[in-house]
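K.L.:
Sequence and predicted structure below; questions after.
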Amino acid sequence: MTLVSCITDRSLRMHWHDAWFGQVSTFPLSVLRVCMGVILLKTAILNLPIASVFYSDAGVLPRAVAHQLATHLGHLTLMDALPTAESATAFFVLWAVVALGVLIGFQTRPLSVLNFVLILSVHVRNPYLVSGADDMLRLMSFWMIFVPLNRHLSVDAWLARRRGRCLPETTNAFPVRLLQLQVALTYLAAGLFKLLGTSWRGGTALYEVLQVQSLLRPAGEWFALHAPDGLLRVLTYGVIIFELGFIVLVFVPFWQPLLRYLGIASLASMHVGIALTMTTPLLDFVFVFCASYLVFFVTSRPLSVDPPLSPPARRRQQGMYAVLALLMGLTVWQIAANYAGYGVPSVPIPAPLTNVLKTLGFAQDWSLFAPEPMQYDAYIAVIGTFDDGTSYDLRSGSTDQSVILPYPTTLTEYRWGGFQLNVFSHRPSAVLEAWSRYYCRSENPPDRPPRLRSLQIRIIYRRVYAPGQKPNPIQNDLVWLHSCT
């Protein structure tokens with residue numbers, strides 16, 4: 001081995017060790033806290049108007065029904081103690097206060113822990129409202145517990161300065177790298193899932209996505225009409241390349257930070273394209289993931305260092321890092337095991353370990369628009385029939401059952417769309433029954449005679465088609481029939 005290769009190998013090993021176990025700057029972490037705090041506060045506040053409908057026993061998913069269902073998150077939630085609409089609303093008021101505390105950086109570490117417990121409780125209580133953006137928000141909330149978020153732009157830092165104490169401007173890199181790794185893994189898993197789909201490999205996935213007109217903004221409708229097939233193929237393959245390449249670009253130990261910024265810019269451009277063409281539910285995804293990029297702006301050139309730890313404190317820190325590394329290893333194993341269902345050889349993760357991940361809210365697969373993109377443009381109608389013979393959609397008031405209505409665009413109402421599409425995908429009879437009973441109660445108050453006699457839950461949809469094929473007709477299928485008498 002030559003002297004040059006020895007030096008190169010040694011420098012790479014030193015770079016790797018410093019990158020993972022050295023010191024990194026904390027200012028980007030504080031900016032991340034502010035951005036995530038805004039998203040958390042917005043999420044908590046927007047749940048206030050729908051707390052009764054989705055999180056109380058008077059709503060579409062009473063606790064007894066939720067307990068019957070084996071959810072992908074396990075079942076460990078503080079909301080099991082909250083049966084009424086008032087108590088569920090109070091829960092989200094508490095979450096909003098906690099999110100505000102995280103946002104301003106007051107008692108940041110304790111409130112970050114409490115925030116994770118609250119968000120996990122919400123997601124477990126009604127998993128049919130959980131989207132990819134919610135999953136990422138929950139996972140980011142967990143990993144953010146272990147990094148210092150309050151050393152800049154925070155009440156904690158201001159109070160420390162008033163007491164004559166300055167908070168260190170750097171921190172240990174290891175938990176920050178795990179936070180980065182979680183973000184990168186989501187894109188890697190999403191890209192690998194896409195490789196399993198014929199539409200993605202064939203370059204027609206975006207052509208099919210742009211047929212889901214209920215999710216399109218005006219710019220998306222224009223793009224669907226005018227974008228040439230060749231451009232859509234290039235963009236389809238570009239999505240896969242961006243997602244698969246991101247983990248390499250941000251962690252490769254040379255040509256940094258240029259490659260890291262290139263990876264961030266490529267994915268940010270993809271998300272900007274989604275924001276311009278697709279409607280509200282995907283915007284949450286854009287906000288959360290673009291905020292997560294801030295963790296990649298930390299630098300390993302410290303301005304100062306943390307004070308040295310005492311031997312007992314150092315042992316505790318090393319123990320915590322070992323547990324976090326084990327948890328990340330189990331997460332990687334669980335993500336890899338998800339591909340077994342698609343014929344990819346993988347080692348199944350033991351059930352006890354799976355249950356641990358579910359209980360902690362770490363169950364994840366990231367099959368985002370994959371292996372195949374959305375295969376239908378759909379609207380779920382709840383057709384009520386009244387004593388006087390009238391019949392119409394209880395959601396929109398429309399009597400036309402041959403139209404696919406746009407996805408709800410208000411920041412609170414779109415939760416209905418997500419709930420209904422998730423219920424349609426799984427069709428659990430217990431949830432459909434509870435959902436129907438909710439409509440019977442809401443349309444037939446006890447202070448006057450019943451008016452709603454029966455209802456039908458129907459899926460109005462059109463399947464997507466490949467380039468060169470004729471558009472498919474709109475279909476109308478009965479999902480559930482319920483009598484209110």
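P.N.:
Yep, it's here.
K.L.:
Backbone dihedrals for the closest residue to residue 155 other than its chain neighbours, please?
P.N.:
Distance criterion C-beta to C-beta, 6 or more residues apart in numbering; nearest residue to residue 155, sequence neighbours excluded, is residue 106 at 4.1 Å. C-beta coordinates here come from the backbone N, C-alpha and C atoms, glycine included. Residue 106 has phi and psi values of phi -110, psi 120 when expressed as degrees, to the nearest 10.
K.L.:
The one 3 residues further on too?
P.N.:
For residue 109, the backbone dihedrals (degrees, to the nearest 10) come out as phi -70, psi -50.
K.L.:
Likewise for residue 288?
P.N.:
phi -70, psi -50.
K.L.:
Just to check, it is in contact with residue 39?
P.N.:
Yes - between residue 288 and residue 39 there is a contact at 6.1 Å, judged by C-beta atoms under 8 Å.
K.L.:
Now the one helix or strand residue 273 maps to: buried residues?
P.N.:
In the assignment (DSSP states H and E), residue 273 maps to helix 258-277. The neighbour-count check on helix 258-277 (16 or more other C-beta atoms under 10 Å) flags 259-260, 263-264, 266-267, 270-271, 273-275, 277 as buried.
K.L.:
want to try CSV for these, with distance to residue 224 and pLDDT as columns?
P.N.:
Shown next, in CSV, are the buried residues of helix 258-277 (distance: C-beta to C-beta, whole Å; pLDDT from 0 to 100):
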residue, distance to residue 224, pLDDT
259, 33, 94
260, 33, 94
263, 28, 95
264, 28, 95
266, 23, 94
267, 23, 93
270, 17, 91
271, 19, 88
273, 13, 89
274, 14, 87
275, 16, 85
277, 8, 89
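K.L.:
Of those, which is the nearest to residue 67?
P.N.:
residue 274 (36.0 Å; C-beta to C-beta).
K.L.:
Looks like the closest one contacts residue 289 (just checking).
P.N.:
No - Residue 274 is beyond contact range of residue 289, at 9.9 Å (criterion: C-beta under 8 Å).
K.L.:
related to what we said a few turns ago, in terms of neighbours, single out the busier of residue 288 and residue 39.
P.N.:
residue 288 (25 against 18; other C-beta atoms under 10 Å).
K.L.:
how about the strands of the stretch 101-250 of the chain, start to end?
P.N.:
170-172 (DSSP state E, counting those that start in this stretch).
K.L.:
From residue 379, how far out is residue 369?
P.N.:
19 Å (C-beta to C-beta, to the nearest Å).
K.L.:
what about the two, which has more around it?
P.N.:
Taking neighbours as other C-beta under 10 Å, residue 369 and residue 379 compare with residue 379 leading, 24 against 20.
K.L.:
just checking, that one touches residue 462?
P.N.:
No - using C-beta under 8 Å as the test, residue 379 is too far from residue 462 to be in contact (9.8 Å).
K.L.:
what touches both of the two?
P.N.:
residue 404 (C-beta atoms under 8 Å, 6 or more residues apart in numbering).
K.L.:
how far is stretch 198-212 from where the chain is centred?
P.N.:
Stretch 198-212 sits 22 Å away from the centroid of its parent chain (C-alpha atoms, centre = their mean, to the nearest Å).
K.L.:
contacts for that stretch?
P.N.:
By C-beta under 8 Å, 6+ apart, stretch 198-212 touches 194-195, 197, 216, 220, 223-224, 227, 229, 232-233, 235-237, 239-240, 277, 369-377, 462, 464-467.
K.L.:
Weed out the non-buried ones from those.
P.N.:
Counted by 16+ other C-beta under 10 Å, the contacts of stretch 198-212 give 194, 197, 216, 220, 223-224, 232-233, 235-237, 239-240, 277, 369-373, 376-377, 462, 464 as buried.
K.L.:
Would you map the helices across the stretch 101-250 of the chain?
P.N.:
108-125, 132-143, 155-162, 173-195, 198-202, 205-209, 218-226, 229-251 (DSSP state H, counting those that start in this stretch).
K.L.:
Distance to residue 77 and mean pLDDT for the ones you listed - can I get that in CSV?
P.N.:
Formatted as CSV, the helices of the stretch 101-250 of the chain follow (distance: least, C-beta to C-beta, whole Å; pLDDT from 0 to 100):
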stretch, distance to residue 77, mean pLDDT
helix 108-125, 4, 95
helix 132-143, 12, 92
helix 155-162, 29, 92
helix 173-195, 22, 94
helix 198-202, 35, 93
helix 205-209, 34, 92
helix 218-226, 36, 90
helix 229-251, 32, 94
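K.L.:
Compare the ones you listed and report which one is nearest to residue 59.
P.N.:
Once the helices of the stretch 101-250 of the chain are compared by C-beta to C-beta, helix 108-125 is nearest, at 10.5 Å.
K.L.:
buried stuff in the closest one?
P.N.:
108-109, 111-112, 114-116, 118-125.
K.L.:
any chance you could map the strands in the stretch 251-400 of the chain?
P.N.:
376-386, 391-393.
K.L.:
so which of the ones you listed gets nearest residue 472?
P.N.:
That would be strand 376-386 among those, by C-beta to C-beta, at 8.7 Å.
K.L.:
Relative to the closest one, what are the paired strands and their orientations?
P.N.:
strand 391-393 (antiparallel), strand 452-463 (antiparallel) (DSSP bridges).
K.L.:
wait, which of those is closest to residue 149?
P.N.:
strand 452-463 (43.5 Å).
K.L.:
Look up how far residue 260 lies from the residue most central in space within the chain.
P.N.:
The residue lying closest to the centre of the chain (C-alpha atoms, centre = their mean) is residue 133, at 2.2 Å. Going from residue 133 to residue 260 by C-beta to C-beta gives 23 Å.
K.L.:
Could you do residue 278 as well?
P.N.:
Taking C-beta to C-beta, one finds residue 278 at 27 Å from residue 260.
K.L.:
ditto for residue 212
P.N.:
In terms of C-beta to C-beta, residue 212 sits 33 Å off from residue 260.
K.L.:
same question, residue 352
P.N.:
The value you get for residue 352 to residue 260, if C-beta to C-beta is used, is 37 Å.
K.L.:
Point out where this structure drops to low pLDDT.
P.N.:
Counting by pLDDT under 70, the ranges of the chain that qualify are 1-16, 70-75, 280-282, 301-308, 407-414, 447-450.
K.L.:
Pop the domain breakdown of it in here.
P.N.:
22-359, 376-483 (automatic domain parsing).
K.L.:
okay, how far is it across the first one, tip to tip?
P.N.:
Across domain 22-359, the straight-line distance between its terminal residues is 32 Å, by C-alpha to C-alpha, to the nearest Å.
K.L.:
Might one say that residue 382 is in contact with residue 455?
P.N.:
Yes - here residue 382 reaches residue 455: they are 5.8 Å apart, a contact under C-beta under 8 Å.
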